[in-house]
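Novice: model this:
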Amino acid sequence: MPPSSSLPAERSKAAAIFRVTAGNFLEQFDFFLFGFYATQIAHVFFPAQSEFASLMMTFAVFGAGFLMRPLGAIVLGAYIDEVGRRKGLIVTLSIMASGTILIAFVPGYATIGLLAPGLVLIGRLLQGFSAGAELGGVSVYLAELATPGRKGF
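Specialist: Here you go, the predicted structure:
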């Protein structure tokens, strides 16, 4: 049985691992939801003469999020290295949440016209930008939390 003085440290480490993996799960879940609800998003935000064209515009916006990942990895990765993993990952999750909230509360095309797909695009760009740094930041943070004998495989 480990000494009682190391028990709080182990709980703290387990809590940190849970928070980090939960944050990473939520970021991936945001991407999944957009793809899963693509047909509904196409109907609400990208009305066109054909449903196919609406769906293709939706997938173009979905893909734009992936195009922002490298830029996010460069910019936010450098920021995370400078301010520390914990603070940097909080900023990363905040940016992801901002994009998600923006998409969730944007009125449809019928209400605000072309502004609706533009705002959805901005939300996806924010999500992609933050996702670029999330996986690398989380991986390094978890490696730093590992005890010397348990790093790697």
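Novice: Closest to the centroid, which residue in this structure?
Specialist: For the chain, the residue lying nearest the average C-alpha position, counting by C-alpha atoms, centre = their mean, turns out to be Glu27 (3.4 Å).
Novice: Run a quick check on that residue versus Ala131, I expect a contact.
Specialist: Yes. The criterion here is C-beta atoms under 8 Å, and Glu27 meets it with Ala131 at 5.4 Å. Placement of C-beta: from N, CA and C, glycine included.
Novice: Next secondary structure after the helix or strand containing Asp30?
Specialist: Asp30 belongs to helix 7-36 when assigned by DSSP states H and E. Next along the chain after helix 7-36, taking DSSP H and E as the criterion, comes helix 38-45.
Novice: now that following helix and helix 7-36, what's the angle there?
Specialist: 70 degrees (axes from the mean of the first three to the mean of the last three C-alpha atoms, to 10 degrees).
Novice: Now helix 38-45: average pLDDT?
Specialist: When pLDDT is averaged along helix 38-45, the result is 94.
Novice: With stretch 146-153 instead?
Specialist: 69.
Novice: Quick one: list the elements packing against the helix or strand of the chain with the lowest mean pLDDT.
Specialist: Between all helices and strands in the chain, the lowest mean by mean pLDDT, DSSP states H and E belongs to helix 7-36, at a mean of 79. Helix 7-36 sits against helix 51-67, helix 85-105, helix 115-145, with contacts defined as 3 or more C-beta pairs under 8 Å, 6 or more residues apart in numbering; DSSP states H and E.
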